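S.K.: Task: produce atomic coordinates for the following.
(chains A and B)
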Amino acid sequence: MTLDANRLLKAASVAGRMLLESGAETYRVEETIIRICNAYGVQHASSFVMPTGIMTSFFYEDRNYARVERVYERGTDLNKIHLINDLSRRIGDEKISVRDLEAELTLIKNGQRYSELLIWLFSGLSAFGFAFFFGGGLGEAFSSFLVGMAIKTVSLKMETLQINTFFNIVVSSVVAGFLSVFTVWIEIGSNLDIIIISSIMLLVPGIAITNAIRDTVAGDLVSGLTRACEAFLVAVAIALGVGFALSMCMSWIGGAL
Amino acid sequence: MSDHLIVAAISAYLATLGFAILFNIRGAKLWAAAAGGSIGGFAYVFLVKQGMGAVMALFLAAVLFSLYSEICARYYRTPVTTFVICALLPLVPGGGMYETMVEVLQGDIDQALKIGLDTLSKAGALALGIVVVSTLTRLYFGLKEKHQRRIKAHEKC
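M.R.: Residues are numbered from 1 along each chain as shown, chains lettered A, B, ... in the order given. Next comes the predicted model:
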């Protein structure tokens, strides 16, 4: 059976793009692409990955093949990473054809996610947990639950409108600030600090922090720096949003909060 | 921070579980990932209660949950990040970030710098904990592979 090198190149690049879009580390994306290419016996497979793009090339039957894949969205889907990682390791053993590889990738691409209701409830529950973790009582936890659900609603809505991440985070944390003050004002919870901290934990860029560390350790310094920068900017965006909401409330209500 | 150990462990479990759902972790890995957050949170609160400084406690907690994550990743045959990302979240110094911002709002720059630096060093301690464990596991598995290759080469001779 002859190998369709063009289709292999495309499939490998698409697998890499899906990994990067789901929040995989740089070295994992590079290694996976190379592993897929090598499994089909091409020579000199190599790939160069940055958080915003992928370049792949290999040599097969006296010809060079190369492809650039631009990456625009960066979300989080750890299940997708698991599935693609698993698939790339199976190719060598199970002799999957390029056509089957494409089919499996499409299947993974349209993979299941938790329903919106569940995501909504569990972001509330997460904030609820954080409130206790930070030393709050039941009142604070319940307020955080409400604020957490509200934040997730806002940020999911803005994600579907394709507004950029930083503006999204600023707006979500403005909402968090105002709602937290409101819950204290109608006396559900009493400790404003704990309510705000627990709910903004939902916006903390966990993926960016972890990947910044892991990329730097692996020697991918450009990606490591980029992701550290992203994490820092998100932190600034959160502070900006909450700060805006709090200072507005201070000037309305006047004095101490 | 909560000063009750059981409350800390359970609340960190809930908080991490919520994130694990947001990150679309599926199956048994979901509960294991949430347990990672619980382990980190419990260790941190426990160490602080023993009178350890917050930065050192964060470092040790990070080492502990990273070890747990490496073990889980091998057991479930999945990338380590699945567990590390979740376990990290309860320990991220969001409180310090918020307090820095409040001090800036109130115009107390000295206090803001002090808390800001403290927050940065906490984040650094967390990062260092993760780095230490991932470097050591890389080293361990690298050496193991080398050793096995050498044995195979011997057998051929």
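S.K.: can you pull out the strands in the stretch 51-200 of chain A?
M.R.: Under the criterion DSSP state E, counting those that start in this stretch, strands of the stretch 51-200 of chain A are mapped to A:53-60, A:63-70.
S.K.: Need the single longest helix in chain B, by residues.
M.R.: Once chain B is assigned using DSSP state H, the helix that runs over the most residues is helix B:109-156.
S.K.: swap in chain A?
M.R.: Identified as the longest helix of chain A according to DSSP H is helix A:221-253.
S.K.: Could you break chain A into its assigned domains?
M.R.: Per automatic domain parsing, the structural domains of chain A span A:5-109, A:116-253.
S.K.: for those, which one ends up most surrounded?
M.R.: Mean neighbour count (mean count of other CB atoms under 10 Å in any protein chain shown) peaks for domain A:116-253 among the domains of chain A, with a mean of 21. C-beta: built from backbone N, CA, C; applies to glycine.
S.K.: What average pLDDT does it get?
M.R.: Domain A:116-253 comes out with an average pLDDT of 90.
S.K.: what's the spacing between A:Gly206 and A:Leu233?
M.R.: 15 Å (CB to CB, to the nearest Å).
S.K.: ok, now B:Phe141?
M.R.: Relative to A:Leu233, and taking CB to CB, B:Phe141 is found at 34 Å.
S.K.: B:Gly95 now?
M.R.: B:Gly95 sits 20 Å away from A:Leu233, taking CB to CB as the criterion.
S.K.: A:Ser47 too?
M.R.: 27 Å.
S.K.: Over to A:Tyr60?
M.R.: Note on A:Tyr60: its distance to A:Leu233, by CB to CB, is 42 Å.
S.K.: Just the closest residue of chain A to chain B, please.
M.R.: Ranking the residues of chain A by distance to chain B (CB to the nearest CB) places A:Ser126 first, at 2.5 Å.
S.K.: mind listing what that residue touches?
M.R.: Residues in contact with A:Ser126 (CB atoms under 8 Å, 6 or more residues apart in numbering or on different chains) are A:148, A:201-202, B:14-19, B:22.
S.K.: Buried ones in the helix or strand harbouring B:Val55, by neighbour count?
M.R.: Applying DSSP states H and E as the criterion places B:Val55 in helix B:54-76. By neighbour count on 16 or more other CB atoms under 10 Å in any protein chain shown, the buried set for helix B:54-76 is B:54-55, B:57-70, B:72-73, B:76.
S.K.: Contacts only, for B:Leu127.
M.R.: Small correction: residue B:127 is Ala, not Leu. B:Ala127 is in contact with A:209, A:213, B:62, counting by CB under 8 Å, 6+ apart.
S.K.: Is the second one in contact with B:Val132, as I believe?
M.R.: No. Contact criterion CB atoms under 8 Å: A:Ile213 and B:Val132 do not qualify, at 10.8 Å.
S.K.: Stretch A:168-185 and chain B, are they touching?
M.R.: No. Stretch A:168-185 is not in contact with chain B by CB under 8 Å from any CB of the partner chain; minimum separation 10.0 Å.
S.K.: gap between that stretch and the chain center?
M.R.: With CA atoms, centre = their mean, to the nearest Å as the basis, stretch A:168-185 stands 22 Å off its chain's centre.
S.K.: what sits against the residue nearest to A:Ala141 when sequence neighbours are not counted?
M.R.: Spatial nearest neighbour of A:Ala141, excluding adjacent residues (CB to CB, 6 or more residues apart in numbering or on different chains): A:Ala131 at 3.9 Å. A:Ala131 is in contact with A:140-141, A:143-145, A:194-195, A:198, B:11, counting by CB under 8 Å, 6+ apart.
S.K.: thinking again about what came up before, next SSE downstream of the helix holding B:Val55?
M.R.: From helix B:54-76, the next helix or strand downstream (DSSP H and E) is helix B:81-88.
S.K.: and which of the contacts of A:Ser126 is nearest to A:Glu116?
M.R.: Using CB to CB, B:Leu22 comes nearest to A:Glu116 of the contacts of A:Ser126, at 11.4 Å.
S.K.: And the pLDDT at that closest one?
M.R.: Note on B:Leu22: pLDDT of 91.
S.K.: Give me the secondary structure label for whichever residue of chain B sits closest to chain A.
M.R.: Proximity of chain B to chain A (CB to the nearest CB) peaks at B:Gly18, 2.5 Å away. Following DSSP: H, G, I helix; E, B strand; the rest coil, the label given to B:Gly18 is helix.
S.K.: need the residues of the stretch 1-150 of chain A near chain B, please.
M.R.: By CB under 8 Å from any CB, the residues of the stretch 1-150 of chain A that approach chain B are A:23-25, A:28, A:76-82, A:85-86, A:112-114, A:118-119, A:122-135.
S.K.: on that earlier part again, okay, the angle between the helix holding B:Val55 and helix B:81-88?
M.R.: Angle of helix B:54-76 versus helix B:81-88, following axes from the mean of the first three to the mean of the last three CA atoms, to 10 degrees, is 150 degrees.
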